[in-house]
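Chemist: Kindly return the folded structure for what I paste below:
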Amino acid sequence: MSPITSAPIKTLKPLRGVRVLSLALNLPGPAALMRLKAMGATCLKAEPPGPKGAPASTSGDPMGQYNPTAYATLHDGIKVIAIDLKSEKGQARLYKELQRTDLLLTSFRPSALAKLGLAWKALHKACPALSVVAIVGAPGARAEEPGHDLTYLADAGLVTGLDLPATLFADMGGALMASEAALQAVLAQKIRGKGSFQEVALSDAAAWLALPRSWGLTQPKGAVGGAHAGYRVYPCKDGRVAVAALEPHFAASLCAAAGVAMVGMATMFQPTTHQAIAAFLAGETRQRLDTLSVARDIPLHTLPA
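Modeler: A predicted model of the protein is given here:
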């Protein structure tokens, strides 16, 4: 018999043949564009000219100036051109590109788009088949308000204490929502034969990410907010350990390792259980805990101090 071989799994490219033009700067737009490219779209990015007196290769996107590494990753494999949208020549170049574009991605305030002649009504009249995904800070009437990732997270209750969040949750969540909106626009265009307009608000992305907190899940008294002894970050002998033994069978394995008698899930919410598990983990090294994780089937991840 011949050995059975399987063909390599091909990555789905649902946007193959779709042409995307992005005018979006900083993080959410380029992150969305990166995902659209990964889904097979042909992506073009138009940026304003770089700072006056700077080399021609200097990016007109602020991200290219304050974090070249991030900029390079976001735009890997994406053609970038410079267009001065405030000039007649630039406008002519833009509309030439739009005539062969399926989806336009923006991140300007509505008033700025209107000044540039890129309000939805004008665009739809000039390019009926074109769809637009507009990334804004806040939805509807609040789209003109100034803001950034940090302010949207603060408004959603996701900024605690004085420490900055570990990552740019609203920006990256907004990028995911923008790529989802792009897929919706492409599907709608295939069904209706004309373009559509969709607004994606970063504040909505923050609010979506904040839902578990609003439900109480990640509040101090919530199961994944610290009240459950099996779902916490503890110090260990040479670092820290993130323990996620939430389900009953995982919790039972953790309790058995720590010498705790588990009598139902209520055990995991008792102060004595917290103390016993903390004491056990404090005496273990990261290496021993990594071994324990495999041997006892306990979901944990060790970290440096």
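Chemist: Show me the helices in this structure, by range?
Modeler: Using DSSP state H, the helices of the chain run over residues 28-38, 62-66, 68-74, 88-98, 110-115, 120-126, 149-155, 169-192, 202-209, 211-214, 248-258, 271-282, 286-296.
Chemist: got JSON lines for the ones you listed, with mean pLDDT too?
Modeler: What follows is the helices of the chain, written out as JSON lines (pLDDT from 0 to 100):
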{"stretch": "helix 28-38", "mean pLDDT": "97"}
{"stretch": "helix 62-66", "mean pLDDT": "91"}
{"stretch": "helix 68-74", "mean pLDDT": "96"}
{"stretch": "helix 88-98", "mean pLDDT": "95"}
{"stretch": "helix 110-115", "mean pLDDT": "95"}
{"stretch": "helix 120-126", "mean pLDDT": "94"}
{"stretch": "helix 149-155", "mean pLDDT": "97"}
{"stretch": "helix 169-192", "mean pLDDT": "96"}
{"stretch": "helix 202-209", "mean pLDDT": "98"}
{"stretch": "helix 211-214", "mean pLDDT": "97"}
{"stretch": "helix 248-258", "mean pLDDT": "97"}
{"stretch": "helix 271-282", "mean pLDDT": "98"}
{"stretch": "helix 286-296", "mean pLDDT": "97"}
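Chemist: what about the closest residue to Ile78 other than its chain neighbours, how many neighbours?
Modeler: In space, and not counting its chain neighbours, Ile78 is closest to Cys43: 4.8 Å by C-beta to C-beta, 6 or more residues apart in numbering. Any C-beta I mention is one placed from the backbone N, CA and C, and that applies to glycine too. Using other C-beta atoms under 10 Å, Cys43 has 25 neighbouring residues.
Chemist: quick one: Cys43 from Lys237, how far?
Modeler: 49 Å (C-beta to C-beta, to the nearest Å).
Chemist: same deal with Asp171?
Modeler: 37 Å.
Chemist: which other residues reach stretch 255-263?
Modeler: 251-252, 267-268, 273, 276-277, 279-281, 292, 296, 298 (C-beta atoms under 8 Å, 6 or more residues apart in numbering).
Chemist: buried subset of these?
Modeler: By neighbour count, with 16 or more other C-beta atoms under 10 Å, these hold Ala251, Ala252, Thr267, Met268, Thr273, Ala276, Ile277, Phe280, Leu281, Leu292, Ile298 as buried.
Chemist: ok so, going back, of all pairs in the contacts of stretch 255-263, which one spans the longest distance?
Modeler: Greatest spatial distance among those (C-beta to C-beta): Thr267 and Leu292, at 19.5 Å.
Chemist: What values do phi and psi take at Pro304?
Modeler: Note on Pro304: backbone dihedrals following degrees, to the nearest 10 are phi -70, psi 160.
Chemist: Can you report how many residues neighbour the nearest residue to Ala32 once chain neighbours are set aside?
Modeler: Distances taken as C-beta to C-beta, 6+ apart place Ala178 nearest to Ala32, at 3.8 Å, with adjacent residues excluded. Residues lying near Ala178 (other C-beta under 10 Å) number 29.
Chemist: Check Glu47 too.
Modeler: Neighbour count of Glu47, defined by other C-beta under 10 Å: 21.
Chemist: Please shift the residue numbers so they start at 25 in all later answers.
Modeler: I'll keep to 25 as the first residue from here, and by that count the last item is Glu71.
Chemist: List the residues that contact it.
Modeler: Each residue near Glu71 by C-beta under 8 Å, 6+ apart is listed here: Leu49, Ser83, Gly84, Asp85, Val104, Ile105, Ala106, Ile107.
Chemist: change it to 6 Å
Modeler: Gly84, Asp85, Ala106 (C-beta atoms under 6 Å, 6 or more residues apart in numbering).
Chemist: ditto for Val265
Modeler: By C-beta under 6 Å, 6+ apart, the contact set of Val265 is Tyr258, Leu305, Leu313, Leu324, Thr326.
Chemist: Quick check: bridge partners of it?
Modeler: Assessed by DSSP bridges, Val265 has beta-bridge partners Tyr258, Thr326.
Chemist: confidence score at it?
Modeler: With respect to pLDDT, Val265 scores 98.
Chemist: Pro32 now?
Modeler: The score at Pro32 is 59. That number is its pLDDT.
Chemist: now do Pro73
Modeler: pLDDT for Pro73: 89.
Chemist: Spatially nearest residue to it (excluding sequence neighbours)?
Modeler: Spatial nearest neighbour of Pro73, excluding adjacent residues (C-beta to C-beta, 6+ apart): Ala106 at 5.0 Å.
Chemist: Distance-wise, check the one you found relative to Thr125.
Modeler: Taken as C-beta to C-beta, the span from Ala106 to Thr125 is 17 Å.
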